[in-house]
Structure formats: structure tokens, C-alpha cells
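Colleague: all I have is the shape, not the residue letters:
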């Protein structure tokens, strides 16, 4: 399994697709692992897919200090992956938590992000419900950690068939409760990803924003407004929360069309 280090963190990632293809970093949702993206990656075999387990997730190091889960810390994982692979920049995209980390990476290091894929971001309209839900979940993890820790370890050892969805669910259920509580607390106490006009105006790279209705956490109006305010944003509307998790082939077609529309990279300078 491919690994690299960032400071005191050991970070895991997986490569899928064509090693000579355009690099695309894909980021998972909160408490999930990169394995939730395996099926989607299988539909994009002409690209070089880099499925990163952000710290606190999957096999990557899981700190128990909430300060390690600030947005700039998670964005630093993405930049460190590009550095590790010797990539000047890449398309970066993600789902929910991964969508917000994509935005945070673009804000922090816009020169490293060729384009953004932002699926189900949690922005201003979703913040209140996110604070309540994630705050309650953090308290649950802290309060039950003595009981849940050995259970989670046991779940993590359960053998499963190589079905991405089953393995991804096991990854969620086997999360270290103390690390999960720190992750949630860190996200809640950090400043939200900036959404002011001046910040968004600097994100001039092409951006595909994906949203859906009927979900107050991942509010469609937030996705629509973000797509309108980004200089090169466009909106893709899904039918429901799980639409593109079920119809990954349809999502892949939309992503491929978006990637095909990107302007060509400038030729590398020669000595």
C-alpha cells in the first residue's frame, strides 16, 4: 500500500487508472475512507486517480488532538501528496468533508489546484445543523470511548469480500472513538472555510459544484450559490443524497465531460 509522511503523520493513498493520465485527487466524506471512492475510480480508468485517506480516516494516522483537524491541516495533506508524487498541480475533488477540504486546499494553495470538483459542500446554510449533529456525535464518541474502542478494533478485523461499499462501512464502524471525537471537535472549533466574495473571486480555476435538494446539511442553495460566485463555477444537480453513490457510472460521465472541457496544461519549459 502506498504511504508518505507529513510531519508526524503517516498518510495512506491508493492509485487507480492510467499512471500516465491526468492526475485527479479524490477525497472521501467525514469518517469514511478512500475506499468509498473505488467504484467511481473504476469508471475513470483513463485518468490517474489518487484516492487519499485524510488523517483521522482509513489507515492514515489518527491524532487525538482536535487542533490537528483544522481545515488548513487537512488541506496540507493534499499538498503533501502532490509534493510526494512530484506533481506541480492536479484536479482536486471530494464529497462532503472532501468537498470542503477541496475548497480549503484551493484557498491555501490555488497554484496547486488545476480544477475543483465540489460534491455536497457543507457551507453557511448547513453550518447550524452540522454543529448540532456533529457536536452530539463527538459527545457520543467521547462518552462511549472505553466501551467502543475494543468493539471498533474487533470490527476492523472482520474479513469482508472486496466490495468497496462493505469495506467502507467497516472503516466507519472501526473508527477509533477518541480520534473521531477529536476530528469532529476540531472541525467544529475551527473557522469555516472562507466563503467571502474576495476569497472566492481568487479561485479562478474551473469548478464543478454538485448539489441536491432535500438535505439541510448539504443544502442545494449553498451549492447553487457557490457555483454562481466562483468565477468559473458550474452546477450539476443530483436527484438525491445517494443518487450518485448508486449511479456512479452517471456521475463518472459528468466528471469525464467536465475534465474533457479543461483547458490544456501549458507545455513544460525546456532548458
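Modeller: Received it, and whenever you're ready, just let me know what you need. Everything quoted here is computed from the prediction, not taken from an experiment.
Colleague: tell me, how many residues neighbour the residue lying closest to residue 103 once chain neighbours are set aside?
Modeller: By the measure of Cβ to Cβ, 6 or more residues apart in numbering, the closest residue to residue 103 outside its immediate chain neighbours is residue 193, 4.8 Å from it. Backbone N, C-alpha and C define where each C-beta goes, glycine included. When neighbours are counted by other Cβ atoms under 10 Å, residue 193 registers 21.
Colleague: where do the helices of the stretch 1-150 of the chain begin and end?
Modeller: In order along the chain, the stretch 1-150 of the chain carries the following helices (DSSP state H, counting those that start in this stretch): 38-42, 71-85, 97-108, 124-156.
Colleague: any chance of those in a markdown table with distance to residue 30 as columns?
Modeller: Written out in a markdown table, the entries for the helices of the stretch 1-150 of the chain read as follows (distance: least, Cβ to Cβ, whole Å):
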| stretch | distance to residue 30 |
| --- | --- |
| helix 38-42 | 17 |
| helix 71-85 | 11 |
| helix 97-108 | 4 |
| helix 124-156 | 8 |
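Colleague: report pLDDT for the closest residue to residue 71 other than its chain neighbours.
Modeller: In space, and not counting its chain neighbours, residue 71 is closest to residue 104: 4.2 Å by Cβ to Cβ, 6+ apart. In this prediction, residue 104 carries a pLDDT score of 97.
Colleague: so what's residue 148 up against?
Modeller: Residues counted as contacts of residue 148 (Cβ atoms under 8 Å, 6 or more residues apart in numbering) are 141, 177.
Colleague: against residue 243, how distant is residue 85?
Modeller: Taken as Cβ to Cβ, to the nearest Å, the spacing of residue 85 relative to residue 243 amounts to 32 Å.
Colleague: the residue nearest to residue 71: neighbour count?
Modeller: Residue 104 sits with 22 neighbouring residues when counted by other Cβ under 10 Å.
Colleague: so which bits of stretch 21-32 are buried?
Modeller: Using 16 or more other Cβ atoms under 10 Å as the burial criterion, the residues of stretch 21-32 that qualify are 22-32.
Colleague: over to stretch 56-69?
Modeller: When neighbours are counted by 16+ other Cβ under 10 Å, the buried residues of stretch 56-69 are found to be 56-63, 66, 68-69.
Colleague: just give me how far that stretch sits from the chain centre.
Modeller: Between the mean C-alpha point of stretch 56-69 and the mean C-alpha point of its chain there is a distance of 14 Å (Cα atoms, centre = their mean, to the nearest Å).
Colleague: for that stretch, how far is the first residue from the last?
Modeller: 8 Å (Cα to Cα, to the nearest Å).
Colleague: and it, average pLDDT?
Modeller: 96.
Colleague: and what of stretch 140-160?
Modeller: Throughout stretch 140-160, pLDDT has a mean value of 82.
Colleague: any low-confidence regions in the chain?
Modeller: Scanning the chain for pLDDT under 70 picks out 1, 160, 163-165, 267-271.
Colleague: residue ranges of the strands in it, please?
Modeller: 3-6, 9-17, 23-27, 48-52, 90-95, 113-119, 207-211, 233-237 (DSSP state E).
Colleague: out of the ones you listed, flag the one nearest residue 150.
Modeller: strand 9-17 (23.0 Å; Cβ to Cβ).
Colleague: which of the helices of the stretch 1-150 of the chain sits most buried?
Modeller: Ranked by mean neighbour count under mean count of other Cβ atoms under 10 Å, the helices of the stretch 1-150 of the chain are led by helix 97-108, which reaches a mean of 25.
Colleague: for the residue nearest to residue 173 when sequence neighbours are not counted, what are its contacts?
Modeller: With sequence-adjacent residues excluded and distances taken as Cβ to Cβ, 6+ apart, residue 173 is closest to residue 155, at 4.7 Å. When the contact criterion is Cβ under 8 Å, 6+ apart, the partners of residue 155 are 170, 173-174.
Colleague: residue 172: neighbour count?
Modeller: Burial of residue 172, expressed as a neighbour count using other Cβ under 10 Å, amounts to 17.
Colleague: mind putting the buried residues of stretch 21-32 into TSV with distance to residue 265?
Modeller: Conversion of the buried residues of stretch 21-32 to TSV gives the following (distance: Cβ to Cβ, whole Å):
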residue	distance to residue 265
22	8
23	11
24	13
25	16
26	19
27	22
28	26
29	29
30	32
31	34
32	31
